[in-house]
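Peer 1: Please work out how this folds:
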Amino acid sequence: MLGKADILNLSVSERIQLVQDIWDSIAEVPDSVPLTDDQKAELDRRLGAYHRDPNAGSPWSVVPERFKSRACEERGTLVQTQLCVDNGVGEV
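Peer 2: From the prediction side, this is the model:
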């Protein structure tokens, strides 16, 4: 198991990758993460909005690129800057 000191010895991009890997491992077993009543209500609200107008949202294929573009325009945090560098959009 990694301790805090081990994690802090990783580069920022390695820590971002670690978080992504952890999140992906959680997503593989969605039933182990129970939803609150408020979360269920929000999902129902969003699903209802989708059923009323399926064309109102954005397809997932464009969302990551839009996020990267916004992060690179703002560059307000180290994580945003690292995302830009990792994706070849700029230098630190």
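
Peer 1: which element is the most centrally placed residue in the chain on?
Peer 2: The geometric centre of the chain, computed from its C-alpha atoms, lies nearest to Q20 (CA atoms, centre = their mean), at 7.8 Å. Secondary structure from DSSP states H and E places Q20 in helix 12-27.

Peer 1: distance between that helix and the chain's centre?
Peer 2: Taking CA atoms, centre = their mean, to the nearest Å, one finds helix 12-27 lying 10 Å from the centre of the chain it belongs to.

Peer 1: packing partners for that helix?
Peer 2: When contacts are defined as 3 or more CB pairs under 8 Å, 6 or more residues apart in numbering; DSSP states H and E, helix 12-27 packs onto helix 78-86. Just so you know, the C-beta spots here come from the backbone N, C-alpha and C atoms, and that holds for glycine as well.

Peer 1: switch the cut-off to 10 Å
Peer 2: Contacts of helix 12-27 with other secondary structure elements, assessed using 3 or more CB pairs under 10 Å, 6 or more residues apart in numbering; DSSP states H and E, are made with helix 4-8, helix 78-86.

Peer 1: worst average pLDDT in the ones you listed?
Peer 2: Lowest mean pLDDT within the helices and strands packed on helix 12-27: helix 78-86, a mean of 57.

Peer 1: now V62: how far from S69?
Peer 2: Note on V62: its distance to S69, by CB to CB, to the nearest Å, is 10 Å.

Peer 1: quick one: which of those two has more around it?
Peer 2: Shown here are V62 and S69; by other CB atoms under 10 Å, S69 has more neighbours (13 against 9).
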